[in-house]
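Participant: Pasting a predicted model and its sequence here:
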Amino acid sequence: MNPRKKVDLKLIIVGALGVGKTSLLHQYVHKTFFEEYQTTLGASILSKIIILDDTTLKLQIWDTGGQERFRSMVSTFYKGSDGCILAFDVTDPESFEALDIWRDDVLAKIVPMEQSYPMVVLGNKIDLEDRKVPQEVAHEWCKEKDMPYFEVSAKNDINVVQAFEVLASRALLRYQGIAENHLADSIKLSPGQPRSKCC
Ligand SMILES: Nc1nc2c(ncn2[C@@H]2O[C@H](COP(=O)(O)OP(=O)(O)OP(=O)(O)O)[C@@H](O)[C@H]2O)c(=O)[nH]1
Ligand SMILES: [Mg+2]
């Protein structure tokens with residue numbers, strides 16, 4: 001029997017105040033949605049186990065509060081993450097415009113700063129009538145930055161699973177690439193040259 005491989009991945013979700021980060025996470029992990037707004041103080045973590053191909057993934061997803069006063073504190077949680085969701089609210093143009101800053105902030109904390117760090121963008125609350133960020137504008141911005149874009153609703157559970165799982169599969173690919181590089185490096189470092197015998 002070939003037991004499945006197990007991989008732990010740390011994912012983070014960031015974005016402006018009230019865009020629906022916590023709601024997206026609760027919809028994904030618990031299949032629940034709450035109308036009342038309770039801002040996230042600092043950060044909290046939810047876990048979910050999923051199976052992708054022949055791998056069991058334990059996702060540890062860090063939900064961060066969008067309040068300015070937590071900004072420098074939550075940015076310390078970005079370190080060591082394997083992927084990131086950038087979230088905005090399609091009815092709130094400022095939350096879309098802020099994505100550049102959120103993205104730069106996350107990339108600055110990823111060591112080494114790399115192009116292949118997986119990020120996906122979620123335009124949330126598409127169930128609401130008063131959309132202000134056109135789909136094409138968001139799409140174009142994501143295309144420029146080479147990030148997948150999903151139009152989602154935490155309330156009506158639209159595209160939520162798809163978005164998280166595209167991020168998880170990209171994070172897994174990157175993780176496997178890093179693991180292979182480590183293996184190749186350790187093979188190079190292991191005794192390639194015959195050692196001179198002593199005594
Ligand atoms: N109509 C609608 N409302 C939503 C949706 N997602 C979230 N909300 C509402 O938006 C409000 C804010 O949602 P949260 O998930 O707390 O937002 P957040 O990004 O975690 O906010 P902070 O933790 O303060 O940064 C709540 O009242 C939610 O019920 C959605 O898809 N559609
Ligand atoms: Mg929150």
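Facilitator: Here it is on my side, so go on. Ligands and ions are numbered 1, 2, ... in the order given.
Participant: switch to C-alpha atoms for all contacts and neighbour counts from now on
Facilitator: Fine.
Participant: Could you list the low-confidence segments of this protein?
Facilitator: 1-3, 111-115, 182, 185-199 (pLDDT under 70).
Participant: In it, where's the longest helix?
Facilitator: With secondary structure taken from DSSP state H, the chain has its longest helix at helix 160-189.
Participant: which parts of it are buried?
Facilitator: For helix 160-189, the neighbour count (16 or more other Cα atoms under 10 Å) marks 160, 163-164, 167-172, 174-175 as buried.
Participant: Could you check it against ligand 1 for contacts?
Facilitator: No. On the criterion Cα under 6 Å from any ligand atom, helix 160-189 is out of touch with ligand 1, staying 9.6 Å away.
Participant: SS state for the residue nearest the centre of the chain?
Facilitator: By Cα atoms, centre = their mean, the mean C-alpha position of the chain lies nearest to residue 84, the distance being 2.1 Å. Classification of residue 84 using DSSP: H, G, I helix; E, B strand; the rest coil returns strand.
Participant: what separates it from ligand 2, distance-wise?
Facilitator: Computed as Cα to the ion, to the nearest Å, the residue 84 to ligand 2 distance reads 15 Å.
Participant: Just grab the bridge partners of that residue for me.
Facilitator: residue 12, residue 119 (DSSP bridges).
Participant: For it, list the residues it contacts.
Facilitator: 11-14, 118-120, 167 (Cα atoms under 8 Å, 6 or more residues apart in numbering).
Participant: what's the closest residue to residue 13 other than its chain neighbours in contact with, if anything?
Facilitator: Nearest non-adjacent residue to residue 13, counting by Cα to Cα, 6 or more residues apart in numbering: residue 85, 4.6 Å away. Shown in contact with residue 85 (Cα under 8 Å, 6+ apart): 11-14, 119-122, 167.
Participant: Specify which member of these is nearest to residue 78.
Facilitator: The nearest member of the contacts of residue 85 to residue 78, counting by Cα to Cα, is residue 12 at 6.9 Å.
Participant: Next one: that closest one from ligand 1, what distance?
Facilitator: Look at residue 12 and ligand 1: by Cα to the nearest ligand atom, to the nearest Å, they are 12 Å apart.
Participant: need the residues of the protein near ligand 1, please.
Facilitator: Contacts of the chain with ligand 1, taken as Cα under 6 Å from any ligand atom, map to 16-23, 34-40, 65-67, 124-125, 127-128, 153-155.
Participant: Which members of those residues occur in strands, if any?
Facilitator: The strands, defined by DSSP state E, take in residue 124 from the residues of the chain next to ligand 1.
Participant: Return a PyMOL selection command for the buried portion of the residues of the chain next to ligand 1.
Facilitator: This is how PyMOL selects the buried members of the residues of the chain next to ligand 1, with burial counted by 16+ other Cα under 10 Å:
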select buried, resi 16+17+18+19+20+21+22+23+40+65+66+67+124+125+127+153+154+155
